[in-house]
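Peer 1: coords below, sequence missing:
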């Protein structure tokens, strides 16, 4: 399996080779080469910033089409809590769940319900592992990838518990097999996702050996289909919901941390903010926290690019929906083992050189080359900054003439020499024959 | 081509929010240089504490970092007031930080003790009225 899988792909016909995504990428993973944006897979953390900023809609999130539903005999929908925040005037989550069944799913299993089980397990884990404080959430695959490639010192702080969707999928599959007696390959588990990062995480999981999700559908694809069934569903909603206030709260930033029922936490959202928190945590600039919740998307999962509604409006809707819900509808049973079975490893994808001596030599070369550039980070060379271009040159994937300022100086020099030659040939310099 | 790289930083006091920029830059570079993460952490923390000290007590100064495959050396030189009693300054909890700095959450008195804890070798040379130079080394496993 490809170690580095991402969930963003380019429609080259729409890409104009502008500088917006290269400047926005938090890990500097994108370059423009031959007029098209190219992502270095190892450096991409699936944060979705390039998708958000692309004005030409060339950067597209990867996810499965609704037609994948036809590949399975028995279909189970796993709605993310974000889904509830997309609708106006939703007073009962059972309406959405009933509509999902009307849409063609045979059963539903709320990710929020599994989230409550994860919260219960996390409460226990945090209390029993003070030596790991502050413990960092691992539900956001983008954050985990970021830590793996840039913050290896924090790997030991990661919460080694499955993300809610992973637990939901394995519980849903077990339940379906028990109830229908069908073989596993006939059962399709569909995550209705707010974000493409979960696509990578389901196909290429970390912490566990296999993810039970068969396909990841986008909230924005499911939403319009659901709308047409909502009115009918509202007339006689089935009692399908098991997620309470805690589970549904996971869709917003602060929800996961809130589920720990402690006050000593920090919740940050938005990838740049997440990076700032991680840098400070690494430098030990704060130590008195038990738990840190990090979400790559602003607002939390409601801010994922596969959603329809504005994240902050969705947050407000979730708040309203949750107000009269029971605190939690799902509880941990003895056999729910959702701990990680595999360690997460450091991936030094940014290293320059194979060993330290080589790194020192190459870094000195980068410094020398960078001095030649104007330092204005214009992006015309296809790299996000002058220093990045210098590094690309040292890595052998770019050349100095990619810099249009250097090219311009060179042209001036040549035209200057040519006009001097011209003057001499026309006897204008007084030196004539 | 020598196997050493030297980085030089001017630490100024004009903007307190910028205190820590030099150690951030060094940390960023070291992370991409095949230095083991534990050593990067030690350098980052030791240098950050030293940098903050320069800003709080000495009105800034110059930090020179030399990186070679065996050792990372940080020389923090300032023209500040000097340290009257080094032994006292090394005590955990003892601080001479002014009030405005304590209000910001600094001045816990752990600067020098932390610098000693996170570096493998530390030397302090100081002269009252002239300045202080702190030299710290973090050794790298072969």
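Peer 2: Arrived safely. Computed from a prediction, not measured in an experiment: that's the story for all the values here. Numbers count the residues shown, from 1 in each chain, chains lettered A, B, ... in the order given.

Peer 1: what residue ranges in chain B score low on pLDDT?
Peer 2: B:1-2, B:14, B:142 (pLDDT under 70).

Peer 1: quick one: name the residues of it near chain A.
Peer 2: Residues of chain B found near chain A (Cβ under 8 Å from any Cβ of the partner chain) are B:1, B:3-5, B:20, B:23-24, B:27, B:29, B:31-35, B:37-38, B:40-41, B:44-45, B:48, B:67-69, B:140. C-beta here means a position set from N, CA and C on the backbone, and glycine is covered the same way.

Peer 1: return a ChimeraX selection command for the buried portion of the residues you listed.
Peer 2: In ChimeraX, a selection of the buried entries from the residues of chain B next to chain A looks like this (16 or more other Cβ atoms under 10 Å in any protein chain shown):
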select /B:5,20,23,24,27,29,31,32,33,34,35,37,40,41,44,45,48,67,68,69,140
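
Peer 1: the residues of chain B next to chain A in strands, which ones?
Peer 2: With DSSP state E as the criterion, strands contain B:5, B:67, B:68 from among the residues of chain B next to chain A.

Peer 1: hey, what's residue A:39 bridged with?
Peer 2: Judged by DSSP bridges, the bridge partners of residue A:39 are residue A:30.

Peer 1: double-check it against residue A:30; I have them as touching.
Peer 2: Yes - under the criterion of Cβ atoms under 8 Å, residue A:39 makes contact with residue A:30 at 5.3 Å.

Peer 1: neighbour count: these two, which is higher?
Peer 2: residue A:30 (27 against 20; other Cβ atoms under 10 Å in any protein chain shown).

Peer 1: kindly provide the distance from the more buried one to residue A:327.
Peer 2: With the distance defined as Cβ to Cβ, to the nearest Å, residue A:30 ends up 43 Å from residue A:327.

Peer 1: likewise residue A:298?
Peer 2: 27 Å.

Peer 1: who in the stretch 1-150 of chain A is up against chain B?
Peer 2: Proximity of the stretch 1-150 of chain A to chain B (Cβ under 8 Å from any Cβ) is limited to residues residue A:150.

Peer 1: in the stretch 1-150 of chain A, what residue comes closest to chain B?
Peer 2: Residue nearest to chain B within the stretch 1-150 of chain A: residue A:150 (7.0 Å; Cβ to the nearest Cβ).

Peer 1: and for the closest residue to chain B within the stretch 201-350 of chain A, the neighbour number?
Peer 2: Nearest residue of the stretch 201-350 of chain A to chain B, counting by Cβ to the nearest Cβ: residue A:350, 4.8 Å away. Other residues lying near residue A:350 total 18 when counted by other Cβ under 10 Å.

Peer 1: and it, what is it in contact with?
Peer 2: Residues in contact with residue A:350 (Cβ atoms under 8 Å, 6 or more residues apart in numbering or on different chains) are A:27, A:43, A:149, A:150, B:31, B:32.

Peer 1: show me the two of the residues you listed that sit farthest apart.
Peer 2: Across these, the two members that end up farthest from each other (Cβ to Cβ) are A:43 and B:31, 13.1 Å apart.

Peer 1: neighbours around residue B:81, how many?
Peer 2: Residue B:81 sits with 17 neighbouring residues when counted by other Cβ under 10 Å.

Peer 1: ok, now which ones touch it?
Peer 2: Residues near residue B:81 by Cβ under 8 Å, 6+ apart: B:57, B:58, B:128, B:129.

Peer 1: just to revisit the earlier point, which one of the ones in strands among the residues of chain B next to chain A sits closest to chain A?
Peer 2: Ranked by distance to chain A (Cβ to the nearest Cβ), those are led by residue B:5 at 5.0 Å.

Peer 1: for that closest one, what are its contacts?
Peer 2: Counting by Cβ under 8 Å, 6+ apart, residue B:5 makes contact with A:360, A:363, A:364, A:367, B:66, B:67, B:68.

Peer 1: any chance of a PyMOL selection covering the buried ones in those?
Peer 2: In PyMOL, the members of these classed as buried (16+ other Cβ under 10 Å) are selected with the following command:
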select buried, (chain A and resi 360+363+364) or (chain B and resi 67+68)
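
Peer 1: measure the residue of the stretch 51-200 of chain A found nearest chain B to residue A:260 for me?
Peer 2: At 4.2 Å from chain B, residue A:152 is the closest residue in the stretch 51-200 of chain A, using Cβ to the nearest Cβ. With distances defined as Cβ to Cβ, the gap from residue A:152 to residue A:260 amounts to 25 Å.

Peer 1: residue B:120 contacts residue B:141, doesn't it?
Peer 2: No - contact criterion Cβ under 8 Å: residue B:120 and residue B:141 do not qualify, at 11.1 Å.

Peer 1: before we move on, back to that, show me the contacts of residue A:350 that map onto helices.
Peer 2: By the criterion of DSSP state H, membership of the contacts of residue A:350 in helices covers A:149, A:150, B:31.

Peer 1: mind checking which of the contacts of residue B:81 are buried?
Peer 2: For the contacts of residue B:81, a neighbour count by 16+ other Cβ under 10 Å gives the buried set as B:57, B:58.

Peer 1: just the contacts of residue B:81 now: which is nearest chain A?
Peer 2: When the contacts of residue B:81 are ranked by distance to chain A (Cβ to the nearest Cβ), residue B:57 comes first, at 18.7 Å.

Peer 1: pretty sure the residue of the stretch 201-350 of chain A closest to chain B sits in a strand.
Peer 2: No - with DSSP: H, G, I helix; E, B strand; the rest coil as the criterion, residue A:350 is coil rather than part of a strand.

Peer 1: what pLDDT is listed against it?
Peer 2: Reading off the confidence values, residue A:350 has pLDDT 94.

Peer 1: which residue does chain B have closest to chain A?
Peer 2: residue B:33 (3.8 Å).

Peer 1: what about the nearest residue to that residue once chain neighbours are set aside, which helix or strand?
Peer 2: With sequence-adjacent residues excluded and distances taken as Cβ to Cβ, 6 or more residues apart in numbering or on different chains, residue B:33 is closest to residue A:359, at 3.8 Å. Taking DSSP states H and E as the criterion, the element that holds residue A:359 is helix A:356-370.

Peer 1: what's the first helix or strand after that helix?
Peer 2: Toward the C-terminus, helix A:356-370 is succeeded by helix A:386-394 as the next helix or strand (DSSP H and E).

Peer 1: relative to helix A:386-394, how tilted is the next helix or strand after that following helix?
Peer 2: Downstream of helix A:386-394, the first helix or strand assigned by DSSP H and E is helix A:404-425. Angle of helix A:404-425 versus helix A:386-394, following axes from the mean of the first three to the mean of the last three Cα atoms, to 10 degrees, is 80 degrees.

Peer 1: just the buried positions in helix A:404-425, please.
Peer 2: For helix A:404-425, burial by neighbour count (16+ other Cβ under 10 Å) applies to A:405, A:406.

Peer 1: residue A:298 and residue A:327 - which one has more neighbours?
Peer 2: Here residue A:298 and residue A:327 are set side by side on neighbour count (other Cβ under 10 Å), and the busier one is residue A:298, at 17 against 13.

Peer 1: so in chain B, which helix runs the longest?
Peer 2: Longest helix in chain B by number of residues (criterion: DSSP H): helix B:37-57.
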